[in-house]
Each structure stands twice: as C-alpha cells, then as structure tokens.
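In: sequence plus the predicted model coming up.
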Amino acid sequence: MADLKLEGSPKTPTIEFNSGTGYLLVRGRSIPENSIEFYKPLIEALESYNSNSQSNTKVDIQLEYFNTSSSKCILDVFKKLEAINSGSSEVVINWYYEEDDEDMLEAGEDYQAIINIPFKMIEVEEE
C-alpha cells in the first residue's frame, strides 16, 4: 500500500497520507489547474487503503481556500473516507478554520451534513 506525499505550491495543497498510521493531512490552498488530475492519486491511495485500513483513521483538513472544482474533489475524497469508515476503520475528520473565516466554517458544516463521518470543527487563530 503506497503512502502519498505531495508538496504544496501556491495553487495546490500539501497532501500527506500515511497508510501505516492511518493519517491524512490536506493543508494550504487548493486552486489547481486540473483538480480531478491533482486529487486522483489521493483518491486511488484511499481506495487501496480501504482494503487494508488501520483501526483508526485521522484526517486533518487545514485549507485556507479552495475553488469550486476542488470542492467536488474534496467531496469525492470524503466519500472514499466514508466507505473506509463504514468498513473496518473508525474515521475522524478534523476541519480547521480561522476564527474569522465563516466561509470555511460553513464549507466544513456543508460537508458534515452530506458525509456520514464524525467531523470536529477546530477554530484556529489567524496567522
């Protein structure tokens, strides 16, 4: 099972997925030229992880901003996590947002309403 590490850039988030520990981090800005292509390796890694997942899977989402096409891909990632959660792993998603960023809080709440996984909304101070 492959781990995944994608370095972030001004347009793409850092993605770190460690299948051995069951930890996924998505951090930064997500405005890639082609969101589907960018998120494809992560979705494939999660599909492969689903067949041999850890008992607990922790997900930290620390996005400053994402565009509309990224939001669809993020939903696809969450759907993969939902499948993992209904299998042998207990998934928890930590959704981080800055204290004054109501858009990011609402986005997290929207995903929480759609996806059947426990979400923790975590407010962080602005940097």
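Out: Nice, thanks for sending it over. Here the structure is a predicted model, which means the values were calculated and not measured.
In: flag every buried residue along stretch 16-27.
Out: Neighbour-count burial for stretch 16-27 flags 16-17, 19, 22-27 (criterion: 16 or more other CB atoms under 10 Å). Every C-beta, even on glycine, is put in place using the N, C-alpha and C of the backbone.
In: relative to Asp76, which of those residues is nearest.
Out: The closest of these to Asp76 turns out to be Val26 (CB to CB; 12.6 Å).
In: what's across from the closest one in the sheet?
Out: Ile15, Ile61 (DSSP bridges).
In: distance of Asp60 from Phe119?
Out: According to CB to CB, to the nearest Å, Asp60 and Phe119 sit 12 Å apart.
In: shared neighbours, the two?
Out: Shared between the contact lists of Asp60 and Phe119 (criterion: CB atoms under 8 Å, 6 or more residues apart in numbering) are residues Asn94.
In: in a strand, that's where Phe78 is, yeah?
Out: No. Counting by DSSP: H, G, I helix; E, B strand; the rest coil, Phe78 falls outside a strand, being helix.
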